[in-house]
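Participant: with the input below, show me the fold.
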Amino acid sequence: MRWQGLIFGIGGISFIVLSFIVLLVDDKTFLYILRALSSVELAIVSILMLIISWKLITLRPAPPAA
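Facilitator: Numbering: from 1, shown residues only. The predicted structure follows:
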(Lines give C-alpha, C1' and ligand atoms only; values in the text may rest on other atoms or scores of the structure.)
Protein backbone atom coordinates (compact mmCIF):
# COMPACT_ATOMS: atom_id res chain seq x y z
CA MET A 1 0.00 0.00 0.00
CA ARG A 2 2.88 2.36 0.66
CA TRP A 3 4.11 2.14 -2.93
CA GLN A 4 0.66 2.93 -4.26
CA GLY A 5 0.47 5.88 -1.88
CA LEU A 6 3.86 7.15 -2.98
CA ILE A 7 2.90 6.83 -6.65
CA PHE A 8 -0.35 8.74 -6.04
CA GLY A 9 1.58 11.37 -4.05
CA ILE A 10 4.14 11.88 -6.81
CA GLY A 11 1.32 12.09 -9.35
CA GLY A 12 -0.49 14.68 -7.22
CA ILE A 13 2.64 16.79 -6.85
CA SER A 14 3.29 16.61 -10.59
CA PHE A 15 -0.30 17.74 -11.29
CA ILE A 16 0.16 20.72 -8.93
CA VAL A 17 3.36 21.70 -10.75
CA LEU A 18 1.65 21.19 -14.12
CA SER A 19 -1.27 23.41 -13.08
CA PHE A 20 1.13 26.27 -12.33
CA ILE A 21 3.14 25.70 -15.53
CA VAL A 22 -0.06 25.83 -17.61
CA LEU A 23 -0.81 29.29 -16.20
CA LEU A 24 2.72 30.63 -16.58
CA VAL A 25 3.86 29.37 -19.99
CA ASP A 26 1.01 30.19 -22.39
CA ASP A 27 0.73 33.92 -23.20
CA LYS A 28 -2.35 33.89 -25.42
CA THR A 29 -5.00 36.24 -24.03
CA PHE A 30 -8.03 34.56 -25.59
CA LEU A 31 -7.06 31.22 -24.01
CA TYR A 32 -6.86 32.68 -20.50
CA ILE A 33 -10.26 31.36 -19.41
CA LEU A 34 -9.50 27.86 -20.71
CA ARG A 35 -6.11 27.91 -19.01
CA ALA A 36 -7.62 29.04 -15.71
CA LEU A 37 -10.32 26.35 -15.84
CA SER A 38 -7.82 23.63 -16.70
CA SER A 39 -5.49 24.85 -13.97
CA VAL A 40 -8.25 24.76 -11.36
CA GLU A 41 -9.30 21.33 -12.57
CA LEU A 42 -5.74 20.02 -12.35
CA ALA A 43 -5.38 21.51 -8.87
CA ILE A 44 -8.57 19.77 -7.68
CA VAL A 45 -7.44 16.44 -9.15
CA SER A 46 -4.00 16.82 -7.57
CA ILE A 47 -5.49 17.58 -4.15
CA LEU A 48 -7.69 14.50 -4.41
CA MET A 49 -4.68 12.41 -5.43
CA LEU A 50 -2.70 13.70 -2.45
CA ILE A 51 -5.57 12.80 -0.10
CA ILE A 52 -5.75 9.29 -1.58
CA SER A 53 -1.98 8.90 -1.30
CA TRP A 54 -2.05 9.96 2.36
CA LYS A 55 -4.78 7.41 3.05
CA LEU A 56 -2.84 4.67 1.23
CA ILE A 57 0.41 5.48 3.03
CA THR A 58 -1.14 5.57 6.49
CA LEU A 59 -3.51 2.64 5.92
CA ARG A 60 -3.13 -0.09 8.50
CA PRO A 61 -3.57 -3.61 7.13
CA ALA A 62 -6.46 -5.61 8.51
CA PRO A 63 -5.64 -8.03 11.31
CA PRO A 64 -5.45 -11.66 10.25
CA ALA A 65 -8.68 -13.60 10.51
CA ALA A 66 -8.90 -15.92 13.47
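Participant: any idea how far Val17 is from Gly11?
Facilitator: Remark: distance between Val17 and Gly11 (C-beta to C-beta, to the nearest Å) = 11 Å. Glycine gets a C-beta too; all of them are placed from N, C-alpha and C.
Participant: the two: which has the busier surroundings?
Facilitator: More crowded of Val17 and Gly11, by other C-beta atoms under 10 Å: Gly11, with 16 against 12.
Participant: the more buried one touches Met49, doesn't it?
Facilitator: Yes: applying C-beta atoms under 8 Å, one finds Gly11 in contact with Met49, separated by 5.3 Å.
Participant: count of neighbours near Phe15?
Facilitator: 19.
Participant: check Arg35 too.
Facilitator: Applying other C-beta under 10 Å, we find 17 other residues in the vicinity of Arg35.
Participant: one more: Phe20?
Facilitator: Phe20 has 12 nearby residues by other C-beta under 10 Å.
Participant: list the contacts of it.
Facilitator: Contact analysis of Phe20 by C-beta atoms under 8 Å, 6 or more residues apart in numbering lists Ser39.
Participant: in the helix or strand where it lies, which residues are buried?
Facilitator: Taking DSSP states H and E as the criterion, Phe20 maps to helix 2-25. With burial defined by 16 or more other C-beta atoms under 10 Å, the residues of helix 2-25 counted as buried are Gly5, Phe8, Gly9, Gly11, Gly12, Phe15, Ile16, Leu18, Ser19, Val22.
Participant: tell me the least confident of those?
Facilitator: Confidence by pLDDT is poorest for Val22 among the buried residues of helix 2-25, given 69.
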